[in-house]
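Student: kindly return the folded structure for what I paste below:
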Amino acid sequence: MKIKILLCSMLILSSLTYGAEVKDSVAQEVMSEVKNIEAEYQALMQKEAERKEEFKQEKEILEKEVQELKERQLGREELYAKLKEDSKVRWHRDEYKKLVKRFNEYYNKLEQKIADKEQQIAELTKLLEVLN
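Tutor: Predicted coordinates:
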């Protein structure tokens with residue numbers, strides 16, 4: 001009887017010890033997996049921060065370009081009025097009319113560039129708001 005109790009207690013003790021070792025190894029695997037996930041998360045956060053900084057820089061560059069394009073556009077009305085007047089009164093009317101046409105094409109392209117860049121700025125602003 002004592003031998004049976006001793007054998008049963010040894011069997012129970014060994015099974016509990018083995019179960020504890022299995023649980024410890026599972027816990028270690030889970031912890032290592034969690035650490036790997038956290039490391040990947042930190043790497044992604046770093047990449048996202050870098051990309052966000054790139055977006056900010058791109059937005060600043062676009063804003064500067066738009067400002068420069070708008071400065072080019074400032075004297076447009078005065079020059080356009082002068083060219084229109086000259087195309088009516090000067091000797092080389094055809095030349096002035098061609099110049100007025102080229103002038104219109106140039107400023108239409110300039111306005112299109114400004115609109116495109118302002119749209120890009122708006123998109124970047126929305127993207128940065130989402131990232132914040």
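Student: C-alpha only now, for contacts and for neighbours.
Tutor: OK.
Student: what's the strand or helix carrying E53 packed up against?
Tutor: Element membership for E53, per DSSP states H and E: helix 2-73. With contacts taken as 3 or more CA pairs under 8 Å, 6 or more residues apart in numbering; DSSP states H and E, helix 2-73 sits against helix 93-131.
Student: have a look at this protein and report the helix or strand with the lowest mean pLDDT.
Tutor: Scoring the helices and strands of the chain by mean pLDDT, DSSP states H and E places helix 76-89 at the bottom, with a mean of 76.
Student: any idea of the angle that helix forms with helix 93-131?
Tutor: Going by axes from the mean of the first three to the mean of the last three CA atoms, to 10 degrees, helix 76-89 is angled at 160 degrees with respect to helix 93-131.
Student: pLDDT of the helix holding E53, averaged?
Tutor: Here the mean pLDDT over helix 2-73 is 82, rounded to a whole number.
Student: so who does the residue positioned nearest the centre of the chain touch?
Tutor: Most central residue of the chain, judged by C-alpha distance to the mean C-alpha position with CA atoms, centre = their mean, is F55 at 4.7 Å. The contact partners of F55, taken as CA atoms under 8 Å, 6 or more residues apart in numbering, are L124, L128.
Student: from E68, how far out is it?
Tutor: 20 Å (CA to CA, to the nearest Å).
Student: repeat that for A81.
Tutor: Applying CA to CA to A81 and E68 gives a distance of 22 Å.
Student: again, but for V34
Tutor: Taken as CA to CA, the spacing of V34 relative to E68 amounts to 51 Å.
Student: now do K98
Tutor: Taking CA to CA as the measure, K98 falls 26 Å from E68.
Student: could you do E40 as well?
Tutor: In this view, E40 and E68 are 42 Å apart by CA to CA.
Student: one more: A43?
Tutor: The separation that A43 has from E68, given CA to CA, amounts to 38 Å.
Student: tell me the spacing between the residue nearest to the centre of the chain and Y41.
Tutor: Plainly put, F55 is 21 Å away from Y41 if you go by CA to CA.
Student: thank you kindly, that will do.
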